[in-house]
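In: After the sequence you'll find the predicted model.
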Amino acid sequence: MYKRKPIFITFEGIEGSGKSYQSYKLFKYLKGKKFPVILTREPGGTDSAEKIRKVILDDYFHPNIKEKFNKYTDTLLYLAARNEHVKNKILPALNKKKIVLCDRFVDSTVAYQIYGKGVNKNLVGVIHKYILGNIKPDLTFILKVKISKAMERVKKRRIKNRYDKFPRSFYIKVQRAFMKIARSNKTRYFVLDNSKDTNEIEKKIQSEFYKIIKK
């Protein structure tokens, strides 16, 4: 018997890992089982955060403009969007004892901005201290994937954004960062190899979800 309580689950991974697809599949499954669940994403998730997302994306879609956001400007915009998202969507939902599924969260900032781009981790840590408070995921699925498979999936996308246009070497670096993050807390992180297009991953995710709600 499910005793209603707030649960925060995040999905992480590089482009083409299938994290967005798997978060949506779990959302649909839980909705079908009548769980009080919402699905959201980062950057974005609220009207104000989606506006910031658009600003971030626009900076990367004008190839003729030589001046691009500095990596710290870029990171601060992500964190600003996160603040809006946490305060206006995630926290209210958790306070109502809902299950929150989020496509990307703080681990993406660590993997992409800190490990990938060399942003100072102390800066990110201090800001997170103020905007997150005690909020942290109860469970994080990190989807790893063969880089060739990830690139194949990305190539098939009709609409691409900035995340789909990094060089192969950058994705390799970021995926290694995600694996390092996962090793830091084996009780919270659950790594799944999503290189094959099967429904086995969905079943494993559902299984881990039922374990977390029994705690």
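Out: The structure has been received and is ready for your questions.
In: Just give the number of residues close to Ala93.
Out: Each residue near Ala93 was counted by other CB atoms under 10 Å, and the total is 18. All C-beta spots, glycine's among them, are computed from the backbone N, C-alpha and C.
In: May I see the buried residues of the helix or strand containing it?
Out: In this structure, Ala93 sits in helix 91-95 according to DSSP states H and E. Within helix 91-95, the residues that count as buried by 16 or more other CB atoms under 10 Å are 91, 93-94.
In: helices or strands up against the helix or strand that it is followed by?
Out: Sequence-wise, the next helix or strand downstream of helix 91-95 (DSSP H and E) is strand 99-103. Counting contacts by 3 or more CB pairs under 8 Å, 6 or more residues apart in numbering; DSSP states H and E, strand 99-103 is packed against strand 7-12, helix 19-32, strand 37-41.
In: Helices along the chain, start to end?
Out: Listed in chain order, the helices of the chain (DSSP state H) span 19-32, 47-58, 71-85, 91-95, 106-108, 121-132, 147-155, 168-183, 200-213.
In: For those, please prepare a markdown table with the additional fields distance to Phe141.
Out: A markdown table is the format used below for these (distance: least, CB to CB, whole Å):
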| stretch | distance to Phe141 |
| --- | --- |
| helix 19-32 | 7 |
| helix 47-58 | 22 |
| helix 71-85 | 19 |
| helix 91-95 | 18 |
| helix 106-108 | 10 |
| helix 121-132 | 19 |
| helix 147-155 | 16 |
| helix 168-183 | 10 |
| helix 200-213 | 6 |
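In: which of those helices sits most buried?
Out: Stretch with highest mean neighbour count among those: helix 106-108 (a mean of 23; mean count of other CB atoms under 10 Å).
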